[in-house]
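Q: Just need the structure, nothing else, for what follows:
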Amino acid sequence: MFQSCSKESSGDYGFEVFSKKMNIFGITILATEETSNDKMIHAATILAEYLDNDENGIPDNAKVVDDLIKHKATLVMFKSYGSMKYKKFFHSSKWPDGQTTDKRAVQDLYDDETHPNGAADGIFDASLEEVLHLITFGGYSNAYPEIFGTKRGTAVSKAVDIARGGYFDTIPDEYPQNGWYSYDDETCEYGCQIHEYLYWAITSILGAQDFPGRLDDIEHEWRLNTHEKVKNTDKAFYDIYTNPEYKLPTVLPDGKYKGKIPNIASYLQK
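A: Predicted coordinates:
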């Protein structure tokens, strides 16, 4: 099942913590030895389903995939948050704003938060979030900067400002009562707020946030947890979402991709 391959570029300091690799439509997934193969394959499948939502073996939006490849989009998987290899990687690579020293777009995901079919047990599968983050900040925000860009004035930023009840460059002491998105992580600046919003809005439309007990868990941060709520309340984003040019996913990934998922390969340093 394992094939030998070497690191693509010099300057990837910290990447020696990874031992396993997969490639989905040119996008890299790296994992530590402690990350289970099943969880890694599941994440790869979720990535494939998001990008090839009709599962015909061809990415739905070639422009987005081209930008993901151009920005060396990489999903990095660890056993758990704060593990020794996690600390070594993020200390060594010194990545600001989702970028490593060689300008990769990087998103982390953890084995212990990845739950295939988790909604059936009342548990959210974080791969649905973190994989989508990689796609939006590595792909959509670069492919369509006037629409999905993370600066004030883009189409999605205007939708965010409506959803939060106004424009806030930093986290306010209290959000206005007329909003439905109130993310309160002090480390999440305006661009980060946009990507968190995209995750909430898209996955709510797809049905990922609609299972027993979920709204109770998330309503302090996001209150439109179903397709109908987003459609009827967040009209600014729904207009973006339904624009056929962007080919955003319309079916929630279920971890059962009909196309071919490549084998896990060995990841070796040069």
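Q: Am I right that residue 123 is in a helix?
A: No. Assigned with DSSP: H, G, I helix; E, B strand; the rest coil, residue 123 falls outside any helix and is coil.
Q: Now the nearest residue to it once chain neighbours are set aside, what are its backbone angles?
A: Leaving aside its sequence neighbours, residue 123 sits nearest to residue 115 (Cβ to Cβ, 6 or more residues apart in numbering; 4.9 Å). Any C-beta I mention is one placed from the backbone N, CA and C, and that applies to glycine too. Recorded main-chain torsions at residue 115 are phi -130, psi 90, according to degrees, to the nearest 10.
Q: Isn't residue 115 up against residue 128?
A: No. Counting by Cβ atoms under 8 Å, residue 128 is not a contact partner of residue 115; they are 9.6 Å apart.
Q: correct me, but residue 64 touches residue 140?
A: Yes. Between residue 64 and residue 140 there is a contact under Cβ under 8 Å: 5.8 Å.
Q: ok, residue 188 - contacts?
A: 171, 196 (Cβ atoms under 8 Å, 6 or more residues apart in numbering).
Q: which SS state does it fall under?
A: Going by three-state DSSP: residue 188 is coil.
Q: more neighbours, residue 115 and residue 128?
A: Higher neighbour count among residue 115 and residue 128: residue 128, with 26 against 17, using other Cβ atoms under 10 Å.
Q: Okay, now the unreliable bits of the chain?
A: 1-13, 92-102, 268-270 (pLDDT under 70).
Q: Nearest to the spatial middle of it, which residue is it?
A: Central residue of the chain (Cα atoms, centre = their mean): residue 133, 2.1 Å from the mean position.
Q: Relative to residue 58, how far out is that residue?
A: 23 Å (Cβ to Cβ, to the nearest Å).
Q: hmm, back to that, for the residue nearest to residue 123, list the residues it contacts.
A: So residue 115 contacts 121, 123-126 (Cβ under 8 Å, 6+ apart).
Q: Residue 32 too?
A: 17-20, 77-79, 83, 85.
Q: now with 10 Å?
A: 17-20, 40, 76-79, 83-86, 88-89, 111, 267 (Cβ atoms under 10 Å, 6 or more residues apart in numbering).
Q: Need the phi and psi values for it.
A: phi -80, psi 160.
Q: hey, where'd the strands end up in this protein?
A: 4-6, 20-24, 27-31, 74-78, 106-110, 265-268 (DSSP state E).
Q: The last one packs against which elements?
A: The contact analysis (3 or more Cβ pairs under 10 Å, 6 or more residues apart in numbering; DSSP states H and E) places strand 265-268 against strand 4-6, strand 20-24, strand 27-31.
Q: looking at the ones you listed, which is closest to residue 196?
A: strand 27-31 (20.9 Å; Cβ to Cβ).
Q: who touches stretch 230-245?
A: With Cβ under 10 Å, 6+ apart, stretch 230-245 has contacts from 61, 63, 144, 147-148, 155-156, 158-163, 180-181, 197-198, 200-206, 209, 223-224, 226-227, 246, 248-250.
Q: Now list the buried members of these.
A: 61, 63, 144, 147-148, 155-156, 159-163, 180-181, 197-198, 200-206, 209, 223-224, 246, 248-249 (16 or more other Cβ atoms under 10 Å).
Q: Residue 30 reaches residue 73, doesn't it?
A: No. Look at residue 30 against residue 73 with Cβ atoms under 10 Å: they stay out of range, at 11.5 Å.
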